[in-house]
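# When you get a sec, could you give me coordinates for this:
(one chain, ligands or ions: 1)
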Amino acid sequence: MLDSEYLETLKQDGLYRSHKQISEVDGVRVKVDGRWLINFCSNDYLGMATHPEVINAAQQSAQTMGVGSGSAHLICGHRSAHHLLEKELADFTGRPRALLFSTGYMANLGVIAALSGRGGLVLEDRLNHASLLDGGLLSGARFKRYQHADIADAEVKLTAASGGGLLVTDGVFSMDGDLAPLPKLADLAQKNNALLMVDDAHGLGVIGDQGGGVIEHFGLTVEDAPVLVGTFGKALGTFGAFVAGSETLIETLIQKARTYIYTTALPPAIAEATRTSLTLIQQESWRRLKLHENIGFFKQTANRLGLSLMPSDTAIQPLLIGDNKQLMDVNEAVFGQGFWLGAIRPPTVPQGKARLRITLSTHHQQQQITAMLEALAKLLLIG
Ligand SMILES: Cc1ncc(COP(=O)(O)O)c(C=O)c1O
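Residues are numbered from 1 along each chain as shown. Take a look at the predicted model:
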């Protein structure tokens with residue numbers, strides 16, 4: 001239903017959503033309304049979206065294969081670029097197979113519905129990404145949530161279900177930046193005959209010496225976490241997603257995952273760009289090192305300035321504000337000073353937990369981080 005009063009209420013409550021338009025990009029600098037800003041809200045953590053070799057791979061592929069894939073994978077959309085990318089993702093994650101999806105959102109919807117029967121249980125961390133929560137809600141299964149990272153609560157809810165179920169978690173929580181307690185969740189799943197599904201959209205490429213994400217970080221096997229989802233729109237700098245796991249998992253998804261079956265395959269040029277990016281993030285480990293140096297520098301500087309951060313060691317660094325309107329005021333003021341931060345409000349985060357979501361990149365310079373934090377400290381601590 002169209003309801004202009006509803007829109008008005010959202011505006012009054014500081015909850016209205018709108019987008020800004022970027023007209024030019026130069027690394028972490030972006031031009032909005034004719035003004036250059038430093039971008040602190042992109043998930044392009046390693047700067048791969050503008051890597052010349054990644055751009056070149058997309059261009060070359062589009063020239064020879066065309067732009068669109070023309071069809072779903074199971075009709076005639078599956079090109080050799082997709083096939084090779086799936087093989088390379090399987091190697092990268094150390095899993096028998098991988099399967100491409102058009103977006104992470106679609107991967108999560110499709111996988112959860114395909115792996116949870118009607119009447120079965122889908123159990124999720126309360127702070128999981130919206131696509132995982134929507135996947136649980138839409139799956140037709142019994143959908144429950146446990147308190148954030150609370151193993152005891154997850155155990156009560158899983159054992160009450162007596163027998164199996166799908167236990168689902170973000171690897172790195174997208175709005176908080178903390179890591180899921182994966183070894184304990186893997187234990188819990190195994191003891192209760194449940195299947196653990198990990199969405200590592202924000203860990204892949206960033207965490208682990210090789211960029212293998214939370215699975216590498218915690219040294220987990222495919223038996224510990226049988227279903228792994230990764231996305232390309234973040235550290236890999238392109239677009240799309242994949243699921244990696246056993247032969248049986250992938251063949252099941254091909255037969256059952258509706259968001260795989262009934263949609264056009266990724267443009268092959270994107271698959272080629274992603275292949276190049278996947279190779280480069282392994283070769284250019286300096287990108288990860290520089291990003292982690294920037295994360296350390298950011299935390300140290302925020303502490304020195306008296307800004308209190310949430311507990312995160314990842315590229316996602318939230319600064320809790322609480323009130324929605326105050327958040328929007330602060331965000332607009334720093335934007336006016338040339339820094340673009342994420343302003344995250346309910347329902348993306350719980351009521352009263354509105355926050356600035358600051359994301360760091362390999363390409364940020366320390367003086368840019370300092371200037372942004374000084375501007376924030378002035379606004380928040382001096383007023
Ligand atoms: C944890 C997580 N999973 C999935 C997604 C969705 O991925 P995509 O943007 O490819 O749809 C996102 C964000 O976009 C995310 O943060």
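# can we go C-alpha only for contacts and neighbour counts from here?
OK.
# what stretches of the stretch 251-383 of the chain score poorly on pLDDT?
383 (pLDDT under 70).
# could you pull out the helices for it?
Using DSSP state H, counting those that start in this stretch, the helices of the stretch 251-383 of the chain run over 258-261, 268-283, 286-305, 324-336, 366-377.
# Determine which of these approaches the ligand most closely.
helix 258-261 (11.9 Å; C-alpha to the nearest ligand atom).
# before we move on, the earlier item: so can I have a markdown table of the helices of the stretch 251-383 of the chain showing distance to the ligand and mean neighbour count?
Shown next, in a markdown table, are the helices of the stretch 251-383 of the chain (distance: least, C-alpha to the nearest ligand atom, whole Å; neighbours: other C-alpha atoms under 10 Å):
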| stretch | distance to the ligand | mean neighbour count |
| --- | --- | --- |
| helix 258-261 | 12 | 20 |
| helix 268-283 | 13 | 22 |
| helix 286-305 | 18 | 17 |
| helix 324-336 | 21 | 17 |
| helix 366-377 | 23 | 17 |
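# Dump the ones you listed into JSON lines; add distance to Leu115 as well.
Converted to JSON lines, the helices of the stretch 251-383 of the chain look like this (distance: least, C-alpha to C-alpha, whole Å):
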{"stretch": "helix 258-261", "distance to Leu115": "12"}
{"stretch": "helix 268-283", "distance to Leu115": "26"}
{"stretch": "helix 286-305", "distance to Leu115": "34"}
{"stretch": "helix 324-336", "distance to Leu115": "37"}
{"stretch": "helix 366-377", "distance to Leu115": "43"}
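# for those, which one sits closest to Tyr146?
Across the helices of the stretch 251-383 of the chain, Tyr146 has its closest neighbour in helix 324-336 (25.4 Å, C-alpha to C-alpha).
# name the helices or strands packed onto that closest one?
strand 339-344, strand 354-359, helix 366-377 (3 or more C-alpha pairs under 8 Å, 6 or more residues apart in numbering; DSSP states H and E).
# need the ones you listed in a markdown table with distance to Lys87, can you?
A markdown table is the format used below for the helices and strands packed on helix 324-336 (distance: least, C-alpha to C-alpha, whole Å):
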| stretch | distance to Lys87 |
| --- | --- |
| strand 339-344 | 35 |
| strand 354-359 | 30 |
| helix 366-377 | 38 |
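# Minimum distance to Asp323: which of those has it?
strand 354-359 (6.0 Å).
# Show me what that closest one is packed against.
Against strand 354-359 (3+ C-alpha pairs under 8 Å, 6+ apart) you get strand 316-322, helix 324-336, strand 339-344.
# 6 Å - rerun?
Other elements packing on strand 354-359 under the criterion 3 or more C-alpha pairs under 6 Å, 6 or more residues apart in numbering; DSSP states H and E are strand 316-322, strand 339-344.
# Could you work out which of the ones you listed reaches nearest to the ligand?
strand 316-322 (10.6 Å).
# ok, and does the closest one reach over to the ligand?
No: judged by C-alpha under 6 Å from any ligand atom, strand 316-322 stays clear of the ligand, getting no closer than 10.6 Å.
# Give me the contact list for that strand.
With contact meaning C-alpha atoms under 6 Å, 6 or more residues apart in numbering, strand 316-322 is reached by 177, 309-310, 327, 352-359.
# can you tell me the residue of this structure closest to the ligand?
Gly104 (3.4 Å).
# how about the closest residue in space to that residue that isn't next to it in sequence, what does it touch?
Leaving out its chain neighbours, the residue that sits closest to Gly104 by C-alpha to C-alpha, 6 or more residues apart in numbering is Ala241, at 5.0 Å. By C-alpha under 6 Å, 6+ apart, the contact list for Ala241 reads 100-101, 103-104, 230-232.
# got a pLDDT number for Ala241?
Listed pLDDT for Ala241 reads 98.
# Next, give phi and psi for it.
Phi and psi for Ala241, reported as degrees, to the nearest 10, are phi -160, psi 170.
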